[in-house]
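In: Dropping the sequence and predicted coords here.
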Amino acid sequence: MSAQVLLADDDVELGAMLKEYLAREGFGVTVVHDGEAAAREALSGTHQIVVLDVMMPKLDGVEALRRIRQSSLPFNRVPVIMLTARGDDVDRILGLELGADDYVPKPCTPRELVARLRAILRRLQPAPSTGPLEVGGLVLWPERRKAEVGARELELTSIEFNILEVLMRNAGRLVSKSEISEQALGRPLARFDRSIDVHMSSIRQKLGGAARLIRTVRGLGYHLVKE
């Protein structure tokens, strides 16, 4: 699976090492070393996925992500993986709340980063045309990666779209967080991982009144109610 990756990290040696590894795995890689360049390149429309380190000069990764998601350009939906310090829940949760698709704790292995990249890119591949999914005013077209509620298009990140698709395909039954993580994020749910909850909170805000359709079963998971 090849794609153009934007890698933003102020560690020049790490950037060079990751670029070489990703290139061997078939990815095209552009490396930048500050947040301003990262935001500019991410919105250029030439990259399929972005990897942002949190700690960078000129503009940190969180602010770079904020600029990307606040832009009115269609490229603001580009998937973003954040590189965060291991155990730094504040930056991790803030990044997810601002629209990051996933995070990788540093130090990380190149193999783990490639696995996360491929998991997200795999979910972005066009789905077989089977018609839209419709539940209680929600309409989702998997092959077009488009979702609407009450004829209003939803501005979802790639992972938010994936999660909503999983819930809609399983409407009327409980879906565990483990299932959601495996099917939407493409990885097992780690202990104390709150990313599903943060993504779900963002989805509910974007759904507005239709958020009533998503019920939380404490300690177990979520289900989308059929109306």
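Out: It's in.
In: Following the chain past the lowest-mean-pLDDT helix or strand in the chain, name the next helix or strand.
Out: Lowest by mean pLDDT, DSSP states H and E among the helices and strands of the chain is helix 89-97, with a mean of 84. For helix 89-97, the succeeding helix or strand toward the C-terminus, using DSSP states H and E, is strand 102-106.
In: re the thing from before, ok, residues contacting the least confident helix or strand of the chain?
Out: For helix 89-97, contacts defined as CB atoms under 8 Å, 6 or more residues apart in numbering pick out 54, 61-62, 65, 82, 84-85, 103, 105, 194-195, 198-199, 201-202. Just so you know, the C-beta spots here come from the backbone N, C-alpha and C atoms, and that holds for glycine as well.
In: One more pass at 7 Å, please.
Out: Contacting residues not belonging to helix 89-97 are listed as 54, 62, 65, 82, 84, 85, 103, 194, 195, 198, 199, 202 [CB atoms under 7 Å, 6 or more residues apart in numbering].
In: Mind giving me the PyMOL command for buried ones among these?
Out: A single PyMOL command selects the buried members of the contacts of helix 89-97 (16 or more other CB atoms under 10 Å):
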select buried, resi 54+62+65+82+84+103+195+198+199+202
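In: from the contacts of helix 89-97, which has minimum pLDDT?
Out: Lowest pLDDT among the contacts of helix 89-97: residue 85, with 80.
In: ok, so what distance separates it from residue 105?
Out: Distance from residue 85 to residue 105, counting by CB to CB, to the nearest Å: 7 Å.
In: of all the contacts of helix 89-97, which two lie farthest apart?
Out: The span of the contacts of helix 89-97, defined through CB to CB, is set by 85 and 202 at 22.6 Å.
In: quick one: buried residues of the top helix by length along the chain?
Out: In terms of residue count, the longest helix belonging to the chain (DSSP state H) is helix 110-124. For helix 110-124, a neighbour-count test (16+ other CB under 10 Å) marks 110, 113, 114, 116, 117, 118, 119, 120, 121, 123 as buried.
In: tell me the angle it makes with strand 102-106.
Out: Between the axes of helix 110-124 and strand 102-106, defined by axes from the mean of the first three to the mean of the last three CA atoms, to 10 degrees, the angle is 180 degrees.
In: Alpha carbons only: can I get helix 110-124 in PDB?
Out: What follows is helix 110-124, C-alpha atoms only, in PDB (Å, rounded to 0.1, in the frame of the first residue of the first chain):
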ATOM      1  CA  PRO A 110       9.200   2.400  12.600                       C
ATOM      2  CA  ARG A 111       7.300  -0.900  12.300                       C
ATOM      3  CA  GLU A 112       4.600   0.300  14.600                       C
ATOM      4  CA  LEU A 113       4.200   3.600  12.700                       C
ATOM      5  CA  VAL A 114       3.900   1.800   9.400                       C
ATOM      6  CA  ALA A 115       1.200  -0.500  10.900                       C
ATOM      7  CA  ARG A 116      -0.800   2.600  12.100                       C
ATOM      8  CA  LEU A 117      -0.400   4.300   8.700                       C
ATOM      9  CA  ARG A 118      -1.600   1.200   6.800                       C
ATOM     10  CA  ALA A 119      -4.500   0.700   9.200                       C
ATOM     11  CA  ILE A 120      -5.800   4.200   8.500                       C
ATOM     12  CA  LEU A 121      -5.100   4.100   4.800                       C
ATOM     13  CA  ARG A 122      -6.800   0.700   4.400                       C
ATOM     14  CA  ARG A 123     -10.000   2.100   5.900                       C
ATOM     15  CA  LEU A 124      -9.900   4.900   3.300                       C
END
